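Undergrad: what would the 3D arrangement of this be:
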Amino acid sequence: MTNLPRCFIAPTVLNLQSVGVSWSLLTASPILARVATPGLRSPTWEGCLLDTDTASFGFQQFGQLDLGDTRRTRRLVELVDLMRRHPGGTLPDKLNRPADLRAFYRLMNRPEVTHSAILNSHADHTRTQIATCTDTVVLIVHDATELDYTTRTTVSAELSQIGEGTHRGFICHNSLAVRADTGAVLGLTSQILHLRAVVPEGETPKQKRERASRESRLWLRGAQACGPAPTGVCCVDVSDSLSDTFEYMASAMTNGRHFLLRAKENRRLGKPEDESEVVSDDESDDESEVVSEVVSDDEPSYLYETIRAVPAVVERTLVVQPTTGRAGRTTTVQISFASVCLAVPGKRLGEYAPKPLSMWAVRIWETNTPAGEAPLEWILLTNVLIETASDALDRVDWYERRWIVEEYHKGMKTGCKIEELQFDTSARLEPAIAILSVVTTTLLQLRDAARAPDAETRPASTILDRLYIEVLRKHYGSRLSAEPSVRQFYMHVARLGGHQNRKVDGLPGWLTLWRGWTKLNLMVDGYLAARQKSTTSCGTN
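TA: Prediction:
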């Protein structure tokens, strides 16, 4: 069993993550539950006890959703299952039967079908998955991406500016639950479709702090929407440098949440609250942002200089992901850590109590940088206790998992073509975004299934309908055994997606698996059609 971290929480702060929370359980089945056989209705609609081995993905996510009529819920489940089998392309590509496409449009036009209703149902299911993770830390990875609907002229007027201000759409802030040990995606715990506000001219600092639409509030709103962790599970909010605000960190510590983020600001350090005198100026003039100072006779010290002076305690290999202007590479990095106390900022840019924050800093840096590349350096901040080099390595591992949300955003746009949706109003567009966002999680779960620790030994038939195994075997013949393992099954699916399956190729990514999965589903459709035709022909003789 994985050793869970002891988490730093000030004695005077209530740790909400230790409070028992009773979530409404939908199912205890694995994330990649056995898929329903195409053309068959789930037995759950006949009032039977849910069989977790045969519940479809759509039923797991939305089977308990109240849409005012059970027929609507049933139809939503069926449509989501169809989209999961054919996630790519436009809506007509996903739902190629006109009756199904019309049914989807009718659902999106119902007042009961809203973004919050769809997302909350999925988030409840995600929380049931989180509740089972008592043997590992669960990372709630937060990040935002822009959804561009500029060319949808009928709806773009309802949306806000994005990018440099010339495009229209949403800022989509996602909170994705991921297992820290394996990187397996559990699902979304929150999604916020944010419309960027038009800031009034002459807005004062106080007005900006208090404005509900302030974009920096998204980090707080995303974390708060996730709710407290289930009993016995340690959850940690993970985010990039855009979340480095004193307000966000103060909110996390006040509400008993655990966080890990990449530092962006070279913050002034202070002394813990019981060792320093804090002068508050909450009643200061609205035009003045200066609200607090830590009184000290010492020369001020700063985060970057302090942590850079700490010698390395361990080194490790790090995979650097490719970004704009930086090639991907594998490098060796040094790691150091230290406890720090962040002083209250001299300028109050958010809403928080004027109290210093005690936490830990971890520095990761590269000593041998390839020619033409900028040296790698991360400085991480966390309120999860770090006492040893092993603890510091764990925090680095957690931050590396942040890249999964970037892949998720790619899946939304490249895989599920979420920006290709065409609706006349925002009220109809938003629930469709929620549905495709849920379907996108399955693209990453294809990869997770292939990389699971037991994938080499676990029979594929334990998580997949035998129909899919049978069709894939007919395609590959003797190259695929009659009882393939999960790994063998998905490696052959990846071959359909273009993976060469050579030793140097490594394990396939989600995009390759998704392409193969799409082809396999088309093969299954053809197989079923041929079998039905054969059965019909026999019946007429």
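
Undergrad: what ranges do the helices span in the stretch 301-450 of the chain?
TA: Assigned helices in the stretch 301-450 of the chain, in chain order: 303-308, 389-400, 403-410, 426-451 (criterion: DSSP state H, counting those that start in this stretch).

Undergrad: tell me which of the ones you listed sits nearest to residue 78.
TA: Minimum separation from residue 78 across the helices of the stretch 301-450 of the chain (CB to CB) falls at helix 426-451, 12.5 Å. Every C-beta, even on glycine, is put in place using the N, C-alpha and C of the backbone.

Undergrad: what average pLDDT does that closest one get?
TA: In this model, helix 426-451 has an average pLDDT of 92.

Undergrad: buried residues of the next helix-or-strand element following that helix, list them for me.
TA: Beyond helix 426-451 on the C-terminal side, the first helix or strand identified by DSSP states H and E is helix 466-476. Residues of helix 466-476 classed as buried under the neighbour-count rule (16 or more other CB atoms under 10 Å) are 468, 469, 471, 472, 473, 475.

Undergrad: want to throw the helices of the stretch 301-450 of the chain into TSV with distance to residue 352?
TA: Below are the helices of the stretch 301-450 of the chain laid out as TSV (distance: least, CB to CB, whole Å):
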stretch	distance to residue 352
helix 303-308	18
helix 389-400	24
helix 403-410	26
helix 426-451	31
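
Undergrad: return the most buried member of those helices.
TA: helix 426-451 (a mean of 23; mean count of other CB atoms under 10 Å).

Undergrad: against which helices or strands is that one packed?
TA: Under the contact criterion of 3 or more CB pairs under 8 Å, 6 or more residues apart in numbering; DSSP states H and E, helix 426-451 touches helix 70-85, helix 98-108, helix 115-131, strand 167-179, strand 185-194, helix 403-410, helix 486-496, helix 510-540.

Undergrad: residue nearest the middle of the protein, spatially speaking?
TA: Closest residue to the average C-alpha location of the chain: residue 176 at 2.0 Å, with CA atoms, centre = their mean.

Undergrad: now do that residue against residue 307, distance only.
TA: 28 Å (CB to CB, to the nearest Å).

Undergrad: same thing with residue 365?
TA: Relative to residue 307, and taking CB to CB, residue 365 is found at 10 Å.

Undergrad: likewise residue 368?
TA: Taken as CB to CB, the span from residue 368 to residue 307 is 20 Å.

Undergrad: for residue 271, same thing?
TA: 17 Å.

Undergrad: next one: residue 514
TA: For residue 514 relative to residue 307 (CB to CB), the value is 40 Å.

Undergrad: give the contact list for the residue lying closest to residue 175 once chain neighbours are set aside.
TA: Closest residue to residue 175 apart from its sequence neighbours, by CB to CB, 6 or more residues apart in numbering: residue 190 at 4.0 Å. The neighbours of residue 190, taking CB atoms under 8 Å, 6 or more residues apart in numbering as the test, are 119, 123, 173, 174, 175, 221, 222, 225, 226.

Undergrad: how about the second one, nearest residue that isn't a chain neighbour?
TA: Nearest-residue entry for residue 123: residue 189, 5.2 Å, with adjacent residues in sequence omitted and distances by CB to CB, 6+ apart.

Undergrad: now do the fourth one
TA: Distances taken as CB to CB, 6+ apart place residue 191 nearest to residue 174, at 5.3 Å, with adjacent residues excluded.

Undergrad: next one: phi and psi at residue 68?
TA: Reported as degrees, to the nearest 10, the phi and psi values for residue 68 are phi 90, psi -10.

Undergrad: tell me how many other residues crowd it.
TA: Neighbour count of residue 68, defined by other CB atoms under 10 Å: 11.

Undergrad: pretty sure it contacts residue 114?
TA: No - counting by CB atoms under 8 Å, residue 68 stays clear of residue 114, with 11.8 Å between them.

Undergrad: now residue 428, nearest residue through space, not along the chain?
TA: Leaving aside its chain neighbours, residue 428 sits nearest to residue 108 (4.6 Å; criterion: CB to CB, 6+ apart).

Undergrad: show me the contacts for the one you found.
TA: Residue 108 neighbours (CB under 8 Å, 6+ apart): 423, 428, 431, 432.

Undergrad: which of those lies closest to residue 62?
TA: residue 431 (11.4 Å).
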